[in-house]
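Novice: pasting the sequence and the predicted coordinates here, then a few questions.
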Amino acid sequence: MKNFSMTKKKWMLSLHILFAAIMLGTSVTFLILSITVASTSDSGLVLSCYKAMHVLAGTSLRASVIGTIVTGVLLSLGTHWGLVKYYWIIAKEVLTVVAVIVGPIGMYIWTLKGISMLTEVGGESANQGAYVSNMLWLFIGIGLQLLSLIAMYLLSVFKPWGKRKKVRNKVLK
């Protein structure tokens, strides 16, 4: 792929940052809602929080992950950075896999499971092992999501480790 013009690169980078900011904001919202779930005994509020998280997992979180991945790949291919030339980009790619598994997939499943338990059994499910386990997985997922996003931001700013050394195939004579 040919390198982007400076204007196209700036637009693509702006979109990439916008999608990443939406993803981070949605993840912080998940954290706030999950703290609310853990700190209240109001079953109606708990169910509302789970429903809000479920909607966010299926909409803004999913869209921002897709947008960030697409713009990130285009930026890598359309600039001198490349997809595997630098260690920090490879690290971001690994963290992106974590963010995809935990974010739109994990959050969607854990919130749906929480909603199902609350609507089937009612408020009494909040004391059951399966509900507590699901809530714990949701907390762990939110933590992993936030840590991976913060790490990706830091990698993008500091760009540590430098360029990978080229490995050349030497023909034995």
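Specialist: Thanks, I have the structure now.
Novice: which stretches in this protein count as helices?
Specialist: 6-39, 43-58, 60-78, 87-100, 108-121, 129-158 (DSSP state H).
Novice: out of those, the one nearest K165 is which?
Specialist: helix 87-100 (10.3 Å; CB to CB). C-betas here are computed from N, CA, C, even on glycine.
Novice: with distance to K165, mean neighbour count and mean pLDDT as extra columns, can I get the helices of the chain in a markdown table?
Specialist: Output for the helices of the chain, formatted as a markdown table (distance: least, CB to CB, whole Å; neighbours: other CB atoms under 10 Å; pLDDT from 0 to 100):
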| stretch | distance to K165 | mean neighbour count | mean pLDDT |
| --- | --- | --- | --- |
| helix 6-39 | 26 | 16 | 96 |
| helix 43-58 | 40 | 18 | 95 |
| helix 60-78 | 19 | 18 | 96 |
| helix 87-100 | 10 | 17 | 94 |
| helix 108-121 | 40 | 18 | 91 |
| helix 129-158 | 19 | 17 | 94 |
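Novice: can you redo those helices as CSV with distance to R164?
Specialist: Shown next, in CSV, are these (distance: least, CB to CB, whole Å):
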stretch, distance to R164
helix 6-39, 22
helix 43-58, 35
helix 60-78, 14
helix 87-100, 6
helix 108-121, 35
helix 129-158, 15
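Novice: closest one to K166 among those helices?
Specialist: Between the helices of the chain, helix 87-100 lies closest to K166; by CB to CB that is 13.4 Å.
Novice: residues in contact with that closest one?
Specialist: Residues from elsewhere that reach helix 87-100 (CB atoms under 8 Å, 6 or more residues apart in numbering): 23, 65, 68-69, 72, 76, 81-84, 144-145, 148-149, 151-152, 155-156, 158-164.
Novice: return the distance of the residue nearest in space to the middle of the chain relative to I69.
Specialist: Centrality entry for the chain: nearest residue to the mean C-alpha point is A99, 3.4 Å, by CA atoms, centre = their mean. For A99, the distance to I69 equals 9 Å [CB to CB, to the nearest Å].
Novice: now S34
Specialist: Going from S34 to I69 by CB to CB gives 25 Å.
Novice: what do you get for A130?
Specialist: Taking CB to CB, one finds A130 at 33 Å from I69.
Novice: check contacts around T36.
Specialist: Residues near T36 by CB under 8 Å, 6+ apart: 45-46, 49.
Novice: which of those residues lies closest to F19?
Specialist: C49 (24.7 Å).
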